[in-house]
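Enquirer: This is the structure alone, sequence omitted:
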């Protein structure tokens with residue numbers, strides 16, 4: 001299959017991180033994955049939710065939004081109550097980052113992660129997770145920890161099936177026409193945090209699911225390397 005942008009079936013779009021883009025955030029970056037870009041910013045509070053007070057443990061929580069001009073048709077801002085899709089993505093980002101960090105080693109601090117989509121061309125939630133880890137790591141590096149509370153890097157990538165072929169990192173046009181759409185969140189240590197797979201047009205087999213996970217894990221290794229290089233920049 002010849003992909004719309006000329007990539008090979010298992011090839012990622014160009015991935016990059018622009019660091020420290022918000023001067024008042026404790027850690028921030030703009031992650032770009034092809035034409036998708038997301039601003040990820042972390043603000044650290046020296047307190048935790050009431051139900052965690054006195055435990056010595058910390059917390060990470062995430063908010064996600066799509067800016068009005070992020071897509072080819074302007075979308076209205078969500079004023080008060082987040083839509084179901086937004087809540088789902090926020091919870092996914094939070095779960096993914098909590099899997100990467102030892103909450104007990106954070107101390108009684110809350111890491112607030114804000115992910116705002118600047119440009120959307122598919123894979124906004126996977127880009128948000130990948131960029132949020134960089135922003136969280138940059139924030140942790142500013143704090144006086146004797147030992148880093150990070151357990152493992154975490155990143156995410158989409159995988160789909162179109163006309164029977166497995167494709168990695170779908171752009172919008174591919175995503176909108178995929179028979180199967182899957183988002184895979186993985187740790188650099190090798191474990192999986194979440195697999196979200198849906199049959200949009202055709203069902204898929206357990207064997208195809210295994211192939212999608214394997215294809216994703218190969219590309220996640222490249223994403224972990226890019227994250228590591230960005231986090232270590234001065």
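Expert: That came in fine, so what should we check first? Every value quoted in this text rests on a predicted model; they were computed, and no experiment measured them.
Enquirer: and residue 227, helix, strand or coil?
Expert: Classification of residue 227 by DSSP: H, G, I helix; E, B strand; the rest coil places it in helix.
Enquirer: Report the separation between it and residue 155.
Expert: With distances taken as Cβ to Cβ, to the nearest Å, residue 227 is found 6 Å from residue 155. Backbone N, C-alpha and C define where each C-beta goes, glycine included.
Enquirer: shared neighbours, the two?
Expert: 130, 133 (Cβ atoms under 8 Å, 6 or more residues apart in numbering).
Enquirer: So between these two, which is more surrounded?
Expert: residue 155 (31 against 23; other Cβ atoms under 10 Å).
Enquirer: Return the distance of that one relative to residue 49.
Expert: Distance from residue 155 to residue 49, counting by Cβ to Cβ: 27 Å.
Enquirer: Same question for residue 115.
Expert: 20 Å.
Enquirer: More neighbours: those two, which one.
Expert: Legend: neighbour count by other Cβ under 10 Å for residue 115 and residue 49, higher for residue 115 (25 against 9).
Enquirer: quick one, phi/psi of the more buried one?
Expert: phi -120, psi 110 (degrees, to the nearest 10).
Enquirer: Repeat that for residue 199.
Expert: phi -80, psi 110.
Enquirer: Contact partners for it?
Expert: By Cβ under 8 Å, 6+ apart, the contact set of residue 199 is 179, 180.
Enquirer: count of residues packed around the closest residue to residue 106 other than its chain neighbours?
Expert: Excluding the flanking residues, the one nearest residue 106 by Cβ to Cβ, 6 or more residues apart in numbering is residue 58, at 2.7 Å. Residue 58 has 23 neighbours, counted by other Cβ under 10 Å.
Enquirer: And for residue 10?
Expert: Neighbour tally, residue 10, other Cβ under 10 Å: 15.
Enquirer: Okay, the closest residue to it other than its chain neighbours and residue 77: tell me how far apart.
Expert: Nearest non-adjacent residue to residue 10, counting by Cβ to Cβ, 6+ apart: residue 168, 4.8 Å away. To residue 77, residue 168 is 32 Å away according to Cβ to Cβ.
Enquirer: Residue 20 now?
Expert: In terms of Cβ to Cβ, residue 20 sits 26 Å off from residue 77.
Enquirer: So if I had to pick from the two, which one is more boxed in?
Expert: Neighbours per residue (other Cβ under 10 Å) separate residue 20 from residue 77, with residue 20 holding more: 12 against 8.
Enquirer: The helix or strand where residue 30 lies: which residues count as buried?
Expert: Using DSSP states H and E, residue 30 sits within strand 27-33. Within strand 27-33, the residues scored as buried using 16 or more other Cβ atoms under 10 Å are 27, 28, 29, 30, 31, 32, 33.
Enquirer: Now for the first one: which residues touch it?
Expert: Yep, that's residue 27 we're talking about. Counting by Cβ under 8 Å, 6+ apart, residue 27 touches 41, 42, 134, 135, 136, 137, 138, 139, 140, 141, 142.
Enquirer: which stretches of this protein form helices?
Expert: Taking DSSP state H as the criterion, the chain carries its helices at 84-100, 124-141, 172-177, 206-231.
Enquirer: residues near residue 64, how many?
Expert: The tally of other residues near residue 64 (other Cβ under 10 Å) stands at 27.
Enquirer: pLDDT at it, what is it?
Expert: On pLDDT, residue 64 comes in at 96.
Enquirer: From the structure, what's the count of residues near residue 210?
Expert: So residue 210, with other Cβ under 10 Å, has 10 neighbours.
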